[in-house]
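1. I need the structure of the sequence given here:
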Amino acid sequence: MIFGASEIGERTARRLGYPNVLALDTSPSMWGSSYGSLVAIQNPDLFLRSNNPKNFYFVICTTSFDQVATLLESFGLMESEDYSVSPVVGNLAPMVELEEFAGKFLIASGGPASVDPEFGGGLYELQVKRDERQLRKVMKGSFHGIRTFRDGYLLTEDERGLVYIDSSYKILHEVPLAVGCRPHGLAVSDSNDEVFIVGSHSECVFVVDGNLKIDRTLHFSGQSTRFGAAAHHINDICMSDDRLLVSMFSISGHWRIGNYDGGVVEVDSENGGLVGVLVNNLQLPHSVSIVETELFVLDSLNGRILNGVNHLVSQVPAFLRGLVVRENHYIVGGSRNRNLRQYRNSVQPVSIDSCVYVICKKEPIFRTISLDNRIPEIHCIIEMPD
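-> Numbering: from 1, shown residues only. Reported below is the predicted structural model:
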């Protein structure tokens, strides 16, 4: 009896030499159908309750073998004696996991705001299930940051500042910010619901209290005032134990003259002063985040995902912004880089497509989920509950 009606199950059946094999699968959409040589696919719970499981030998053919083993053992079955995991699982599991990838995501596009109901800058909902992809624009505007907040989401938008919406995308509250500040990334404190918002053009961090009122403004450096323009291009932000971590194009403040000494720094959450440099030597970094106590940042221009202090965990030939870290995958947004000259010394072609990459952690393989190039830029991605 094959448990798992998928490519792994089909290959296992062929390896066993059986032209037709009964199969179980937890997906209701598979019940009563066939998958290649896997026939009469059934509901596993119903099958196990309606038959004596000891009369069958089960071959687990899914990457979720731990959960299946737990189910089988709840009916008194024992590993080896009553069931085993197909050897095909180990060989094909990473590829099958990518092929069967599923999830629901919110994507912020910071492209020019457009009234186009389908494209342009805006907030997009993306649902992926295997080969199916559904993408819809749920709000218009030029959005850069997204964070979960209470029962909804906080967004940064060029004209409206900080926007609080519910799970149905209804606007609940807006917090106007300084004109022209270009709000970018944001972070929410776990301890007191304070919200920290990067003003990329004004080189400051706006601090909004739990009542969604501006409490104070942290000025990162005096260089933007001195030179009349953003000197560091601070963009994304995250919090770790009430410590503020900020990504930027230039730590020295000279990106406008071609000195892209980008990195991640710690900023004092009370006065905005520089506490220290955590990661340096990055080119146009974005999407700094802490995931289960680990630091991640995208070295965007070079298409690199970094963990800790410049530890490379993956790389794709694209300009990257927006990062979700799962147990087995990195999910990142790919966009067109507006400045082509920065690639002219490279022999590696770089993608100009708007897309989402799903990158395997275990093997050097990835999957591309194409969006539409009329969605000009991806800045942030977060995963939504199903």
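
2. only C-alpha atoms for contact and neighbour calcs from this point on.
-> Fine.

3. and the gap between the spatially most central residue of the chain and L135?
-> In the chain, the residue lying closest to the centroid (Cα atoms, centre = their mean) is V324, at 2.4 Å. Distance of V324 to L135, computed by Cα to Cα, to the nearest Å: 18 Å.

4. ok, back up a step: what's the closest non-adjacent residue to the residue nearest to the centre of the chain?
-> I331 (5.0 Å; Cα to Cα, 6 or more residues apart in numbering).

5. and that neighbour, what element?
-> strand 329-335 (DSSP states H and E).

6. please compute how far that strand lies from its chain's middle.
-> 6 Å (Cα atoms, centre = their mean, to the nearest Å).

7. buried ones in the longest helix seen in the chain?
-> Secondary structure of the chain read by DSSP state H shows that its longest helix is helix 87-99. Buried residues in helix 87-99, counting neighbours by 16 or more other Cα atoms under 10 Å, are found at V88, V89, A93, P94, M95, V96, E97, L98.

8. what helices and strands are in contact with that helix?
-> The contact analysis (3 or more Cα pairs under 8 Å, 6 or more residues apart in numbering; DSSP states H and E) places helix 87-99 against helix 7-16, strand 355-360, strand 366-370.

9. how about 10 Å then?
-> For helix 87-99, the packing partners by 3 or more Cα pairs under 10 Å, 6 or more residues apart in numbering; DSSP states H and E come out as helix 7-16, strand 58-60, strand 329-335, strand 355-360, strand 366-370.

10. okay, these in JSON lines with mean neighbour count next?
-> Converted to JSON lines, these look like this (neighbours: other Cα atoms under 10 Å):
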{"stretch": "helix 7-16", "mean neighbour count": "19"}
{"stretch": "strand 58-60", "mean neighbour count": "24"}
{"stretch": "strand 329-335", "mean neighbour count": "24"}
{"stretch": "strand 355-360", "mean neighbour count": "22"}
{"stretch": "strand 366-370", "mean neighbour count": "16"}
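
11. can I get those in JSON lines with distance to L126 and mean pLDDT?
-> JSON lines is the format used below for those (distance: least, Cα to Cα, whole Å; pLDDT from 0 to 100):
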{"stretch": "helix 7-16", "distance to L126": "25", "mean pLDDT": "89"}
{"stretch": "strand 58-60", "distance to L126": "31", "mean pLDDT": "95"}
{"stretch": "strand 329-335", "distance to L126": "12", "mean pLDDT": "96"}
{"stretch": "strand 355-360", "distance to L126": "10", "mean pLDDT": "97"}
{"stretch": "strand 366-370", "distance to L126": "10", "mean pLDDT": "95"}
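
12. how about these in JSON lines, adding distance to M248?
-> Shown next, in JSON lines, are the helices and strands packed on helix 87-99 (distance: least, Cα to Cα, whole Å):
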{"stretch": "helix 7-16", "distance to M248": "44"}
{"stretch": "strand 58-60", "distance to M248": "47"}
{"stretch": "strand 329-335", "distance to M248": "18"}
{"stretch": "strand 355-360", "distance to M248": "23"}
{"stretch": "strand 366-370", "distance to M248": "27"}
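
13. tell me which of the ones you listed lies nearest to E157.
-> With Cα to Cα as the measure, strand 329-335 is the member of the helices and strands packed on helix 87-99 nearest E157 (18.4 Å).

14. what's the angle from that closest one to helix 87-99?
-> 30 degrees (axes from the mean of the first three to the mean of the last three Cα atoms, to 10 degrees).

15. okay, now the sheet partners of strand 329-335, with direction.
-> Applying DSSP bridges, strand 329-335 is found paired with strand 319-325 (antiparallel), strand 355-360 (antiparallel).
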